[in-house]
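>>> sequence first, then the predicted structure, then my questions.
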Amino acid sequence: MTRRLLFSMVLLYVVAGTQLLGGLYDILTPMPPFHETFLGASQEQLDPRVVKLDLAQMDAIGGLLIASGLTVIVLVSGPFRRGDRSASLAILLLVVVGQAGNSFGMYKVGSPYWVPLVEIGLTLLALRIASHSRRRRARRSALHLGLPRR
């Protein structure tokens, strides 16, 4: 395994870890202070049905973040590490699509929307580093076998 591939795997594990922590935060936090600020009232002042709806949505988002983080870990530990390009595509779609939507929703209610954007950036960086590493390795293999360069 090259250092570039190892570094990209570490970056993707960081992304997965932040997704897991974010999911746990969403599930375990009674009502985020950002939501109280957005609604202009504390949890105690709100209609209990509004609080219940907010908590249900946070639980759903938290569960999806945990599932996404665990899936990234599985993909990185197996197929991505072995060089399967479909794993890179799956990670890209999973993180970018999921976190772009999450970031947009967070932005609309005044939550720290930049966290999912950082995760997207780290994912793009990790996948770029890994693809560069794989291309270099393929070029070296081709030269070793006497095949023409592409």
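In hand now; what should we look at?

>>> going forward, measure contacts between C-alpha atoms and count neighbours the same way
Fine.

>>> residues in contact with stretch 92-109?
The contact list for stretch 92-109, computed with CA atoms under 8 Å, 6 or more residues apart in numbering, reads 34-35, 38, 68, 112-117, 119-120, 123-124, 127.

>>> what score does the most centrally placed residue in the chain have for pLDDT?
Closest residue to the average C-alpha location of the chain: residue 95 at 4.2 Å, with CA atoms, centre = their mean. Each residue has a pLDDT score; the one for residue 95 is 97.

>>> got the phi and psi for it?
Dihedral pair for residue 95: phi -80, psi -50, per degrees, to the nearest 10.

>>> got the CA positions of stretch 60-69 in PDB?
What follows is stretch 60-69, C-alpha atoms only, in PDB (Å, rounded to 0.1, in the frame of the first residue of the first chain):
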ATOM      1  CA  ALA A  60     -33.900  10.200  11.500                       C
ATOM      2  CA  ILE A  61     -31.000  12.400  10.300                       C
ATOM      3  CA  GLY A  62     -28.800  11.000  13.000                       C
ATOM      4  CA  GLY A  63     -29.500   7.500  12.000                       C
ATOM      5  CA  LEU A  64     -28.800   8.200   8.400                       C
ATOM      6  CA  LEU A  65     -25.500   9.900   9.300                       C
ATOM      7  CA  ILE A  66     -24.500   6.800  11.400                       C
ATOM      8  CA  ALA A  67     -25.400   4.500   8.500                       C
ATOM      9  CA  SER A  68     -23.400   6.600   6.100                       C
ATOM     10  CA  GLY A  69     -20.400   6.700   8.300                       C
END
